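1. just coords:
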């Protein structure tokens with residue numbers, strides 16, 4: 001485990017208890033940790049009672065947070081014709097076909113989201129080896145393979161986030177910046193929680209959400225009441 005900084009240990013000491021607290025209280029505690037010169041990113045971490053080896057228990061998707069995530073996401077789009085024009089007009093940073101695929105094959109990955117029109121998947125499919133491990137591969141389930149590329153570009157520019165459970169059944173996502181006021185931060189987090197709860201697989205018989213915590217880039221995690 002990496003050595004914890006003096007500042008991090010001091011923040012930990014401010015926590016009177018590690019017991020879960022209501023979301024509003026957790027956000028307030030997190031705001032008190034904002035003692036760095038840069039604007040820290042706020043994340044949510046959830047442990048779910050799913051079996052990640054079962055295809056019918058995968059929890060994956062995307063959600064547009066009401067107040068965005070505090071930064072502009074760089075979006076690339078595979079499209080041609082009218083769809084390519086619409087994507088560019090919607091704010092896509094790069095739009096292309098073979099040229100874009102070749103750049104990615106050569107190692108260019110300076111983007112946060114990759115969207116593809118369905119008729120481009122023959123070109124995009126072989127890029128899975130590069131994009132997949134980085135969580136950038138377009139997927140119908142995540143909504144990033146779509147005939148309406150312009151609509152999805154606008155959603156990501158407005159603060160849409162993707163998520164997928166890992167092998168341990170955990171889900172992680174960015175939910176804002178520490179500079180957000182407490183109300184906006186709480187509304188973003190609640191929106192994410194509500195969305196995850198709405199995706200509960202039918203195969204789950206026991207408890208679905210096991211634990212929830214929020215943290216900032218350089219803060220300890222705070223457990224949130226389920």
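-> It's in. This structure is a prediction, so every number in the text was calculated from the model and none was measured.
2. mind checking the longest helix of the protein?
-> Counting by DSSP state H, the longest helix found in the chain is helix 182-197.
3. now do whichever helix or strand comes after that helix: everything it contacts.
-> For helix 182-197, the following helix or strand on the C-terminal side (DSSP states H and E) is strand 209-216. For strand 209-216, contacts defined as CB atoms under 8 Å, 6 or more residues apart in numbering pick out 20, 26-27, 30, 33-34, 40-49, 175, 178, 189, 193, 196-197, 221-226. (Each C-beta comes from the backbone N, C-alpha and C, glycine too.)
4. take the residues you listed and keep only those in helices.
-> Per DSSP H, the subset of the contacts of strand 209-216 in helices is 26, 27, 30, 189, 193, 196, 197.
5. quick check: the farthest pair among those residues?
-> Greatest spatial distance among these (CB to CB): 30 and 197, at 21.2 Å.
6. which of the two has more residues huddled nearby?
-> residue 30 (22 against 12; other CB atoms under 10 Å).
7. pretty sure that one is in contact with residue 177, am I right?
-> No. Counting by CB atoms under 8 Å, residue 30 stays clear of residue 177, with 11.2 Å between them.
8. what sits in contact with each of the two?
-> By CB under 8 Å, 6+ apart, residue 30 and residue 177 have these common neighbours: residue 42.
9. confirm residue 63 sits in a strand?
-> Yes. Residue 63 sits within a strand when classified using DSSP: H, G, I helix; E, B strand; the rest coil.
10. buried sites along whichever strand or helix holds residue 121?
-> Using DSSP H and E, residue 121 sits in helix 121-124. Buried residues in helix 121-124, counted by 16 or more other CB atoms under 10 Å: 123, 124.
11. how far out from the middle of the chain is it?
-> 24 Å (CA atoms, centre = their mean, to the nearest Å).
12. model confidence over that helix, on average?
-> Across helix 121-124, the average pLDDT comes to 96.
13. may I have the secondary structure class of residue 218?
-> Under three-state DSSP, residue 218 comes out as coil.
14. surely it meets residue 37?
-> No. Distance between residue 218 and residue 37: 10.7 Å, which falls outside the contact criterion (CB under 8 Å).
15. these two - which one has more neighbours?
-> Taking neighbours as other CB under 10 Å, residue 218 and residue 37 compare with residue 218 leading, 17 against 4.
16. state the pLDDT value of the more buried one.
-> Here the pLDDT value assigned to residue 218 is 88.
17. the contacts of strand 209-216, buried ones only, as a PyMOL selection?
-> Buried residues among these (16+ other CB under 10 Å), as a PyMOL selection:
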select buried, resi 20+26+27+30+33+40+41+42+43+44+45+46+48+175+178+189+193+196+221+222+223+224
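18. alright, that wraps it up for me.
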